[in-house]
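# the following comprises the amino acid sequence and a computationally predicted model.
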Amino acid sequence: MIEPMDVVLESAGCPLGCRADDEIVLVGRDTLYHMPGSFTVVECRCCGLKRTSPRPTPNSMGVFYPDNYGPYVSTTVAQKESLRPKKSRVRSLAGKVFRTVFEFNTTRIPALPAGRMLEIGCASGSFLDQMAAKGWEVRGIEFSATAAEAARRLGYAVHVGPLETAPPPDAAFDLLVGWMVLEHLHEPIKGLGKLREWAKPGAWLVLSVPNAGSLEFTAFKGSWYALQVPTHLFHFTPKSIEKVLTAGGWRLEKVHHQRVMSNLIGSLGLWLIEKGLSRVGSKLASFPDQSGRWSYLLFPMAWIFGLAGQTGRMTIWARAAD
């Protein structure tokens, strides 16, 4: 068990350079692994960007990412699966129709010809594997040495460490992606600026992040499933992420609200646990990791919520600014 004295905290000013004028929004706890300690989320009154402050320093943060951290496990690909056999034309067409009908917007990217792609936070390599199968030349960056090694075993070049320490690539990228990554960065604007330097003119940046502008956040606050302090250092809304992207050298093109209900159900579970109803609450809180076919059954409701911009996660498309 990690003791509070093992984690060093630091105060974090607004990365947009605003004057110190913050409002405390909530105080939350680690709901994933139940590490000790409480963490405050503040909102900058000048720009509206929410952030966790104080927060663990970069050197302390590793204790909150065990090897069984969800994204590391869920992105594991068996080596034999990475040798994807070609599908028949009928199966390929059926799959395309299915994906069109059930477009969850979780890993939605622009329609682009295959080129060079970088995935920040590639975990164990499943998305690298998917894109390589479509003809893309892929590279990855991953904080976890264990997860990065899993991706490397599939044959992909992966830098081990944070984005801040990654060396420049040997060639620029057409597409840069990060699935639920930006909110984990200690310096998101510097990180975005670094990615801008590595991008070809007109390159696309695709990111998914929790949506702290949703009703889920307003209703559940510290019990919001996607809050996930202290690993989530920033809590974006559509407005605040546009400001961060602009400061990092990117132009926001589109916000796709993800068509999934997992956050809402998980948040309800965490709220019930907080109220002492742990038996029912625990089952609901585990739903985001075990939703399976329920995602399809809940899709009509999720589509409506997404249309209203009220699901708890969003996928952002941006272009490299001139």
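Looks like it came in fine.
# show me where the protein has helices.
70-74, 89-101, 126-133, 145-153, 188-197, 215-220, 238-247, 262-274, 278-285, 287-290, 294-297, 299-307 (DSSP state H).
# pLDDT averaged over the first one, what's the number?
Meaning helix 70-74. Averaging pLDDT along helix 70-74 yields 58.
# related to what we said a few turns ago, between the helices of the chain, which one is nearest to P58?
Nearest of those to P58, taken as C-beta to C-beta: helix 188-197 at 12.2 Å. Using the backbone N, CA and C atoms, a C-beta is placed for each residue, glycine as well.
# and for V8, the neighbour number?
Counted with other C-beta atoms under 10 Å, residues neighbouring V8 total 12.
# right, and it touches G62 too?
No - using C-beta atoms under 8 Å, V8 is not in contact with G62, being 11.8 Å away.
# now stretch 35-52: how far from the chain's centre is it?
18 Å (C-alpha atoms, centre = their mean, to the nearest Å).
# any weak-confidence spans in this protein?
Low-confidence segments of the chain (pLDDT under 70): 1-5, 67-76, 78-101.
# by residue count, tell me the biggest strand in the protein.
strand 199-210 (DSSP state E).
# counting by contacts, list what it packs against.
Judged by 3 or more C-beta pairs under 8 Å, 6 or more residues apart in numbering; DSSP states H and E, strand 199-210 is in contact with strand 173-179, strand 313-320.
# measure S208 to V255 for me?
For S208, the distance to V255 equals 11 Å [C-beta to C-beta, to the nearest Å].
# more neighbours: these two, which one.
Under the neighbour definition other C-beta under 10 Å, S208 and V255 were set side by side, and S208 has more, 22 against 16.
# quickly list what that one is bridged to.
W179, T315 (DSSP bridges).
# for it, what are its contacts?
Taking C-beta atoms under 8 Å, 6 or more residues apart in numbering, we find S208 in contact with 106-107, 178-180, 258, 313-316.
# let's see 6 Å
Applying C-beta atoms under 6 Å, 6 or more residues apart in numbering to S208 gives the contacts 179-180, 315.
# that older thread, for the helices and strands packed on strand 199-210, which one sits closest to G28?
Comparing those by C-beta to C-beta, strand 313-320 comes nearest, at 17.6 Å.
# that closest one vs strand 199-210, what angle?
Put simply, strand 313-320 runs at 170 degrees to strand 199-210, going by axes from the mean of the first three to the mean of the last three C-alpha atoms, to 10 degrees.
# and strand 313-320, how far from the chain's centre?
Distance, centroid of strand 313-320 to centroid of chain: 11 Å (C-alpha atoms, centre = their mean).
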